[in-house]
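Engineer: Okay, predicted coordinates and the sequence, questions at the end:
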2 protein chains.
Amino acid sequence: MARIGYDIGGTNLAAGVLDDNNQLIAKTSLPFPRGKGIAAVIETCRTLFDSLLETASLSAEEITGVGVAVPGSVDPEKGVVIDAHNLGFHHTPLSALLEDALQKPIALINDADAAALAEHGVGSLSGTQTSVMITIGTGIGGGVILNGRLFRGGRGNGTEPGHMVLHNGGRHCTCGVDGCAETYCSATRLAKDGSALGYIGAKEVIDAAKAGNAQACELFRMFIDDLGSYLASIINLLDPERIAVGGGVCGAGEFLLNPLRKDAERKCFFETCPEIVIATAGNDAGIIGACLIAEK
Amino acid sequence: MARIGYDIGGTNLAAGVLDDNNQLIAKTSLPFPRGKGIAAVIETCRTLFDSLLETASLSAEEITGVGVAVPGSVDPEKGVVIDAHNLGFHHTPLSALLEDALQKPIALINDADAAALAEHGVGSLSGTQTSVMITIGTGIGGGVILNGRLFRGGRGNGTEPGHMVLHNGGRHCTCGVDGCAETYCSATRLAKDGSALGYIGAKEVIDAAKAGNAQACELFRMFIDDLGSYLASIINLLDPERIAVGGGVCGAGEFLLNPLRKDAERKCFFETCPEIVIATAGNDAGIIGACLIAEK
């Protein structure tokens, strides 16, 4: 038996099959049918479903359930996407529509939560009871594992760690608040500060810092100082066993991790600092996490 | 049957008796025997124990267990106070010493955790599964309720919400980090900023703001802006059902609560903001929380 997971993004709609050993045995994707309405999205999901069965040599009967990760807020009980701006979904009854098309039980999850679940299930957070996944991208996404399970927020709204305040009154965040962690710890911050020096994108800034450019080093140092304080805030509140960081900038590996660990360790209130590691589920994290919430 | 709880502070050593209906039926206190060594502390606890039994007309046999709240870090499993600077306790095997003196099972708890437990057991956080208690005093203390139980940290170190970073690189905190919430949201902050205007203590600043003094109003407005962002950080990470705030400044009641709720509501990422209420267990919270962890 196996499960299918979708990771619906504003650019790509990816899907994959997870077997009973939590191995991703097939994956595929199609462009997200932007602006073509929900029926086109369901049709794309249907096409990917058939394609995956063929690739994995499975019959529809062998799929026990389907999970769907979306970049936005979901009501998992009702199977409704409350708000996924990039997809144009607002109070969309996605579970009912997909269940109808695929004839399988559908489970919904926020994409950052899916990434955390993937790291916990098959990646860098395996075996932890209390841990946190932070994805550093255009914004900051994240998920929290408590008591060995994904924490979906005390009121079911999920977690929005990117909107913890790191510099109260500071840079303006898209959410309307000034000083959110997202405006200081995202790749966008590095890219924005770097553009003033002529760099294009976060990677160019990091590469220049690696090459020893003094101005790029200073930008990177400030970024680490902010990211370290941000992780320390989470550590001092939750005392997690481990924190995984993911996203493009983590391609920098030890060049990022080494100063980050030192910075967070200095700011951690407890005698010892939790482990800080780089996420391992990578680009497939959304698909894997979606599969992991699907009915088994 | 009943339980006894101690709240050991650097000034007073308070104790009380909780009956099976979680009613505090007796309480008393003695000065903390500062600088006289651990034997004097144990002796003081013994004296309070006998005094409480007499006041509550109970025999020693009717006491099922004893809880002890201390202002510092504890290892509840080993019964050791790791570090309670104000008491002069460092790696002190308090449980074993008290068990010897009182012949009762002893349970240890951090005082901020005890306050959260008291609010959850008999106060403003009753009935919640996920909630947070923040005590605004000289510093910021706090406790987190998850799944209807006190959360003692993912690694057992407890929670230190006062050392979440609110203004990275800002005011210097006693913990060594610059910009902790404690340096912006404590009564000490109001007192410190107020002293430049000639006010003595946080209460005088608040009273002057209430009376309409423009400078005091501005200090209070900045304090609310910081406290609101701080609560929003906790809300956006944990999505709690309710947050209780306690400590002396909460004596200001609605004058504090009303702008604080508006500010946190504006900064909350979710559609609705959790309830923000004033803690009700008051000065007895430490004693009550200590009783609540005692063996029943």
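Structural biologist: Sure, I can see it.
Engineer: Tell me the residue of the stretch 151-296 of chain A that sits nearest chain B?
Structural biologist: A:G154 (2.6 Å; CB to the nearest CB). To be clear about C-beta, it is placed using only N, CA and C from the backbone, and glycine gets the same treatment.
Engineer: My reading is that that residue lies in a strand. Confirm?
Structural biologist: No - judged by DSSP: H, G, I helix; E, B strand; the rest coil, A:G154 forms no part of a strand; its state is coil.
Engineer: Burial check on the closest residue to it other than its chain neighbours, number of neighbours?
Structural biologist: Among residues not flanking A:G154 along the chain, B:T130 sits closest, at 2.6 Å (CB to CB, 6 or more residues apart in numbering or on different chains). By other CB atoms under 10 Å in any protein chain shown, 23 other residues sit near B:T130.
Engineer: can you tell me which residues contact B:T130?
Structural biologist: A:G153, A:G154, A:R155, B:I145, B:L146, B:N147, B:L238, B:D239, B:P240, B:E241 (CB atoms under 8 Å, 6 or more residues apart in numbering or on different chains).
Engineer: buried sites along stretch A:242-261?
Structural biologist: A:242-247, A:249-250, A:252, A:256, A:259-261 (16 or more other CB atoms under 10 Å in any protein chain shown).
Engineer: before we move on, the earlier item: please tell me I have it right and the residue of the stretch 151-296 of chain A closest to chain B contacts B:I235.
Structural biologist: No - using CB atoms under 8 Å, A:G154 is not in contact with B:I235; the gap is 9.3 Å.
Engineer: The two: which is more packed in?
Structural biologist: Per other CB under 10 Å, whichever of A:G154 and B:I235 has more neighbours is B:I235, with 28 against 23.
Engineer: ok, which stretches of chain A are helices?
Structural biologist: For chain A, helices defined by DSSP state H occupy the ranges A:37-56, A:94-102, A:111-122, A:182-185, A:187-195, A:202-210, A:214-238, A:254-267, A:285-293.
Engineer: ok, and the closest non-adjacent residue to the most centrally placed residue in chain A?
Structural biologist: Against the mean C-alpha coordinate of chain A, by CA atoms, centre = their mean, the closest residue is A:A112 at 3.2 Å. Among residues not flanking A:A112 along the chain, A:G141 sits closest, at 3.3 Å (CB to CB, 6+ apart).
Engineer: from what I can see the one you found touches A:A114, true?
Structural biologist: No - A:G141 lies out of contact with A:A114 (CB under 8 Å); the separation is 9.8 Å.
Engineer: Compare neighbour counts for the two and give me the winner.
Structural biologist: The neighbour comparison of A:G141 against A:A114 (other CB under 10 Å) goes to A:A114, with 33 against 26.
Engineer: export stretch A:237-256 as PDB, just CAs?
Structural biologist: Extracted C-alpha coordinates of stretch A:237-256, given in PDB (Å, rounded to 0.1, in the frame of the first residue of the first chain):
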ATOM      1  CA  LEU A 237      10.500  29.700  25.000                       C
ATOM      2  CA  LEU A 238      10.400  26.000  24.000                       C
ATOM      3  CA  ASP A 239      13.700  24.500  25.000                       C
ATOM      4  CA  PRO A 240      13.600  22.200  22.000                       C
ATOM      5  CA  GLU A 241      15.900  19.200  21.500                       C
ATOM      6  CA  ARG A 242      16.800  20.300  17.900                       C
ATOM      7  CA  ILE A 243      16.200  23.000  15.400                       C
ATOM      8  CA  ALA A 244      16.400  22.400  11.600                       C
ATOM      9  CA  VAL A 245      16.900  25.200   9.200                       C
ATOM     10  CA  GLY A 246      16.000  24.800   5.500                       C
ATOM     11  CA  GLY A 247      15.700  26.800   2.400                       C
ATOM     12  CA  GLY A 248      18.100  28.000  -0.300                       C
ATOM     13  CA  VAL A 249      20.500  30.000   1.900                       C
ATOM     14  CA  CYS A 250      21.300  26.700   3.800                       C
ATOM     15  CA  GLY A 251      23.100  25.600   0.700                       C
ATOM     16  CA  ALA A 252      25.900  27.600   2.300                       C
ATOM     17  CA  GLY A 253      26.300  24.700   4.700                       C
ATOM     18  CA  GLU A 254      28.900  25.100   7.500                       C
ATOM     19  CA  PHE A 255      29.600  28.700   6.300                       C
ATOM     20  CA  LEU A 256      26.100  29.500   7.700                       C
END
